[in-house]
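sequence below, structure please.
(chains A and B)
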Amino acid sequence: AQSVAQPEDQVNVAEGNPLTVKCTYSVSGNPYLFWYVQYPNRGLQFLLKYITGDNLVKGSYGFEAEFNKSQTSFHLKKPSALVSDSALYFCAVRSNNFNKFYFGSGTKLNVKP
Amino acid sequence: NAGVTQTPKFQVLKTGQSMTLQCAQDMNHNSMYWYRQDPGMGLRLIYYSASEGTTDKGEVPNGYNVSRLNKREFSLRLESAAPSQTSVYFCASNSPRGYNEQFFGPGTRLTVL
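Presented below is the predicted three-dimensional model:
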């Protein structure tokens, strides 16, 4: 069975500081992992994905994520946070056998000036 | 190119009423999905359609029906609405080839009184 856990409901960070939003996963087979961002009253927008290859994946808006197979983690990172990064972030894993996706519960990122 | 569109954006129903949420995509995607988003629970899959003419249950299908009308359109029907179905509903689509990400609509905010 596939599942995703986001252990933090909320992350607070000051503008200009690095940020990390945590995600751990459980899959049978190869993991296909995704990060999405949701701004208030909007749908989810794709940020980045890991399918295979380099463990450090770069995505939109300066975000990156580090895949760690031994720790079954896929943490989202950004070297320098912006106030405009404040939003709800979702980690997701794709099923190996079907084109279905399983989402974490979401982490609210608050970036303060 | 409008992406994924959903109608209506807002709806208030009384318990027992029925309604259909409409979703359309213009990206020629084979797969389409319906999710509901509730606070602290992330996105939960209601139904999905891997391709035109097929539909399958997701995690929380009870109380819902779907129709994949053609490749572009995927509707979600509530036959007898209940307060527990108060939620924000998102439609999504993707192309299954290459482990592609999903594209989301703007959502429908449904309140059942």
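
pLDDT weak spots in chain B?
Scanning chain B for pLDDT under 70 picks out the ranges B:98.

next one: chain A
Filtered on pLDDT under 70, chain A yields no residues whatsoever.

hey, where'd the strands end up in it?
For chain A, the strands defined by DSSP state E cover A:3-5, A:10-14, A:19-21, A:24-26, A:33-38, A:44-50, A:56-58, A:64-68, A:73-78, A:87-94, A:101-103, A:107-112.

now the second one: buried residues?
Pointing back at strand A:10-14 there. Buried residues in strand A:10-14, defined by neighbour count with 16 or more other CB atoms under 10 Å in any protein chain shown: A:Val11, A:Val13. Every C-beta, even on glycine, is put in place using the N, C-alpha and C of the backbone.

list the strands paired with that strand, with their directions.
Sheet pairing for strand A:10-14, assigned by DSSP bridges, gives strand A:107-112 (parallel).

run through who's touching the partner strand.
A:6, A:8-15, A:19, A:21-22, A:81-90 (CB atoms under 8 Å, 6 or more residues apart in numbering or on different chains).

buried ones among those?
A:6, A:8, A:11, A:13, A:19, A:21-22, A:81, A:85-90.

possible to save these as JSON lines with distance to B:Gln22?
Conversion of these to JSON lines gives the following (distance: CB to CB, whole Å):
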{"residue": "A:Gln6", "distance to B:Gln22": "31"}
{"residue": "A:Glu8", "distance to B:Gln22": "35"}
{"residue": "A:Val11", "distance to B:Gln22": "36"}
{"residue": "A:Val13", "distance to B:Gln22": "39"}
{"residue": "A:Leu19", "distance to B:Gln22": "37"}
{"residue": "A:Val21", "distance to B:Gln22": "33"}
{"residue": "A:Lys22", "distance to B:Gln22": "36"}
{"residue": "A:Ala81", "distance to B:Gln22": "38"}
{"residue": "A:Asp85", "distance to B:Gln22": "33"}
{"residue": "A:Ser86", "distance to B:Gln22": "31"}
{"residue": "A:Ala87", "distance to B:Gln22": "27"}
{"residue": "A:Leu88", "distance to B:Gln22": "25"}
{"residue": "A:Tyr89", "distance to B:Gln22": "28"}
{"residue": "A:Phe90", "distance to B:Gln22": "24"}
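
include distance to B:Val88 when you put the strands of chain A into TSV, please.
Shown next, in TSV, are the strands of chain A (distance: least, CB to CB, whole Å):
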stretch	distance to B:Val88
strand A:3-5	19
strand A:10-14	19
strand A:19-21	21
strand A:24-26	24
strand A:33-38	10
strand A:44-50	11
strand A:56-58	28
strand A:64-68	26
strand A:73-78	22
strand A:87-94	12
strand A:101-103	13
strand A:107-112	15
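
ok, which of these comes nearest B:Ser49?
strand A:101-103 (13.7 Å; CB to CB).

ok, residues contacting the closest one?
Contacts for strand A:101-103 (CB under 8 Å, 6+ apart): A:2-4, A:34, A:90-95, B:33, B:35, B:42-45, B:102.

residues contacting A:Gln6?
A:Val21, A:Lys22, A:Cys23, A:Tyr89, A:Phe90, A:Cys91, A:Gly104, A:Ser105, A:Gly106, A:Thr107, B:Gly42 are the contacts of A:Gln6 under CB under 8 Å, 6+ apart.

and the residues you listed, which two are the farthest apart?
Among those, A:Lys22 and B:Gly42 lie farthest apart (CB to CB), at 14.4 Å.

how about the residues of chain A near chain B?
Within chain A, the positions adjacent to chain B are A:6, A:9, A:32, A:34, A:36, A:41-46, A:49, A:51, A:90, A:94, A:98-106 by CB under 8 Å from any CB of the partner chain.
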